[in-house]
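Colleague: quick one, fold the following:
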Amino acid sequence: MSEFRSGFVAIVGRPNTGKSTLVNALVGSKIAITSPHPNTTRHAIRGIVHKDDFQAILVDTPGIHKPKTLLGHRLNAVVGESLDSVDVIMMCIPADETSGAGDDFIIAEIAKHPRSKKIAVITKTDLVSKTHLAERLMGIVGMAKDFTWDEIVPVSAAIHDHIDLLSSLIGGLLKPGPEFYPKGMISDQPQEKWICELIREAALRDAREELPHSITVTIDEMSQ
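Modeller: Sure thing, here's the model as predicted:
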């Protein structure tokens with residue numbers, strides 16, 4: 001019987017590259033809100049993947065970008081804090097967009113953490129042809145100048161394509177270790193914070209023209 005493995009996995013990428021959707025797919029349940037608007041994720045959210053032979057704690061981070069506001073600076077700081085102590089860094093790169101300076105900036109940040117294993121995840125593959133995807137994969141191989149990707153995996157969280165493969169590859173990169181969380185626990189978010197996030201998701205979806213994207217939701221009192 002193989003030794004049980006565990007560890008922490010940071011998911012990074014430009015804003016709106018499918019990070020939260022990927023986390024939800026890997027966990028098998030909605031633990032991170034999603035929105036077509038960039039920078040919906042404000043703080044690092046931990047989702048827990050339970051398998052027979054490993055446990056992976058996924059850290060869904062805000063999108064990394066060149067900040068123009070105080071909120072932008074804070075979101076980038078959250079990502080930096082997350083990368084300091086993880087076993088695997090997983091970068092989301094959308095198949096339906098071209099790479100640019102933003103991706104180069106993130107790869108340079110990833111290179112500062114040589115101890116961590118690195119996975120390039122090509123997201124939203126259901127939106128492109130196989131020919132385009134093949135060209136995209138070839139381009140991504142050469143994007144990292146200072147390190148080599150341990151894995152490059154094309155996925156579509158929307159149709160659950162290659163999600164199980166990605167999960168298995170993550171497990172293979174983790175080191176032997178204990179279960180950090182009990183079985184059945186899929187996130188360490190407090191219930192109150194999760195309810196705030198669901199309200200914010202609904203507000204961004206239904207009243208995005210009336211409300212600023214930087215909206216924050218707080219709960220003064222809860223009753224059951």
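Colleague: could you identify the helix or strand that succeeds the top strand by length along the chain?
Modeller: In the chain, assigned by DSSP state E, the strand with the most residues is strand 5-13. Using DSSP states H and E, the helix or strand that directly follows strand 5-13 along the chain is helix 19-27.
Colleague: I'd like the next helix or strand past that following helix.
Modeller: Helices and strands here follow DSSP H and E; after helix 19-27, the next one along the chain is strand 45-50.
Colleague: so what touches that following strand?
Modeller: 20, 23-24, 26-28, 31-32, 55-60, 167, 170, 180-181, 183-189 (C-beta atoms under 8 Å, 6 or more residues apart in numbering). (Glycine included, C-beta is placed from N, CA and C.)
Colleague: next, the angle from that strand to strand 5-13.
Modeller: Between strand 45-50 and strand 5-13, the angle comes out at 140 degrees (axes from the mean of the first three to the mean of the last three C-alpha atoms, to 10 degrees).
Colleague: CA atoms only: put the next helix or strand after strand 45-50 into CSV for me.
Modeller: Sequence order places strand 54-60 as the next helix or strand after strand 45-50, per DSSP H and E. This file holds the C-alpha atoms of strand 54-60, laid out as CSV (Å, rounded to 0.1, in the frame of the first residue of the first chain):
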residue,chain,number,x,y,z
PHE,A,54,-3.9,11.8,-0.6
GLN,A,55,-5.4,15.0,0.7
ALA,A,56,-4.8,18.3,-1.2
ILE,A,57,-5.6,21.7,0.3
LEU,A,58,-6.3,24.0,-2.6
VAL,A,59,-5.7,27.7,-2.0
ASP,A,60,-7.8,29.7,-4.5
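Colleague: and strand 54-60, what does it pack onto?
Modeller: strand 5-13, helix 19-27, strand 45-50, helix 163-173 (3 or more C-beta pairs under 8 Å, 6 or more residues apart in numbering; DSSP states H and E).
Colleague: paired strands for that strand, with orientation please.
Modeller: Using DSSP bridges, the strands paired with strand 54-60 are strand 5-13 (parallel), strand 45-50 (antiparallel).
Colleague: is the residue lying closest to G13 once chain neighbours are set aside in a helix, a strand, or coil?
Modeller: Among residues not flanking G13 along the chain, C92 sits closest, at 3.5 Å (C-beta to C-beta, 6 or more residues apart in numbering). The three-state label given to C92 by DSSP: H, G, I helix; E, B strand; the rest coil is strand.
Colleague: and C92, how far from G177?
Modeller: 25 Å (C-beta to C-beta, to the nearest Å).
Colleague: repeat for F147
Modeller: Going from F147 to G177 by C-beta to C-beta gives 23 Å.
Colleague: same question, K117
Modeller: To G177, K117 is 14 Å away according to C-beta to C-beta.
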